[in-house]
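Asker: Let's see this in three dimensions:
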Amino acid sequence: MPDASAYLDLESVSAQIAATLSREEVAVRDEFLDSADLVALAACAHARRARGEFAAARIGLAPRRHAQIRGDSICWLTEPLFPAEVRLLRVLESLRLAVNRELTLGLFDLELHYARFPAGARYDRHVDQPRGAAERQVSLALYLNADWQPGDGGALRLFEPEGGYRDLAPLGGRLVSFLTPGREHAVLPTVRERWSLSGWFRRRAA
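Answerer: You can find the predicted model right below:
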């Protein structure tokens, strides 16, 4: 079984991402996945969907489906895992440790899910911390879309605290991470099917 060494310069990449997070609160790493890993993880997502593991995403304290606000379906990464998923979790564990060293956030675990946005779907402006809960500290989005084009839509829009925003296309292999507390963001309407792995490094509840 391939292991985390398949990812080039893992410790160096993790340290670079952590340092950028510390300076800028947002880090973007293109080609975090190589083409083989991208294909393998996309195949995992499709296999899980074929097995009926995806469900419509819900929002709110009493979660309900509001497709006009959030139109994706999701699948939590649970056992049994495919080899490509095991490999990815090893890589993200290296990143968790690097972020802890750099930012001393007390991160202890990762929750992660696949997200599929069909054509026309979006996710309106929101934050990732539910009201009254502060466990989620670092948000992650890893994109699985091959050959994404400028006209395909589906950008991640990050709103800046001082005003304005930054749009990031969901390019295959790109990892976007940002400090979760207070960071408003949205997924703009997508023209074609859009796939990602999204989640959070968490600290223990106070």
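Asker: From now on I want contacts and neighbour counts done on CA atoms only, so please keep to that.
Answerer: Fine.
Asker: residue ranges for the helices of this structure, please.
Answerer: Applying DSSP state H to the chain gives helices spanning 10-24, 35-50, 83-103.
Asker: counting contacts, what elements does the last one pack onto?
Answerer: Right, helix 83-103. Where contact means 3 or more C-alpha pairs under 8 Å, 6 or more residues apart in numbering; DSSP states H and E, helix 83-103 is packed against helix 10-24, helix 35-50.
Asker: H126: which of those helices is closest?
Answerer: H126 lies closest, by C-alpha to C-alpha, to one member of these: helix 10-24, at 20.0 Å.
Asker: Can you list the buried residues in that closest one?
Answerer: For helix 10-24, burial by neighbour count (16 or more other C-alpha atoms under 10 Å) applies to 10-11, 13-22.
Asker: In this protein, where is pLDDT below threshold?
Answerer: Along the chain, the model assigns pLDDT under 70 to residues 1-8, 60-65.
Asker: Now do the strands in the chain.
Answerer: 26-29, 55-56, 73-76, 107-117, 123-126, 136-143, 156-159, 165-168, 175-179, 185-187, 194-203 (DSSP state E).
Asker: Strand partners (parallel or antiparallel) of the first one?
Answerer: Right, the one you point to is strand 26-29. Strand pairing for strand 26-29, determined by DSSP bridges: strand 175-179 (antiparallel).
Asker: The second one now?
Answerer: In the sheet containing strand 55-56, its partner strands are strand 73-76 (antiparallel), by DSSP bridges.
Asker: still on that earlier bit, out of the helices and strands packed on helix 83-103, flag the one nearest L171.
Answerer: Here helix 35-50 is closest among those (C-alpha to C-alpha), at 10.7 Å.
Asker: export the closest one as CSV, just CAs?
Answerer: C-alpha atoms of helix 35-50 as CSV (Å, rounded to 0.1, in the frame of the first residue of the first chain):
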residue,chain,number,x,y,z
SER,A,35,-2.5,13.6,-10.7
ALA,A,36,-2.5,10.0,-9.5
ASP,A,37,-3.8,10.9,-6.0
LEU,A,38,-6.4,13.2,-7.6
VAL,A,39,-7.8,10.4,-9.8
ALA,A,40,-7.7,7.9,-6.9
LEU,A,41,-9.6,10.2,-4.5
ALA,A,42,-12.2,11.2,-7.1
ALA,A,43,-12.7,7.4,-7.7
CYS,A,44,-13.3,6.9,-4.0
ALA,A,45,-15.9,9.7,-4.0
HIS,A,46,-17.8,8.2,-6.9
ALA,A,47,-17.6,4.7,-5.4
ARG,A,48,-19.1,6.0,-2.1
ARG,A,49,-21.9,7.8,-4.0
ALA,A,50,-22.6,4.6,-6.0
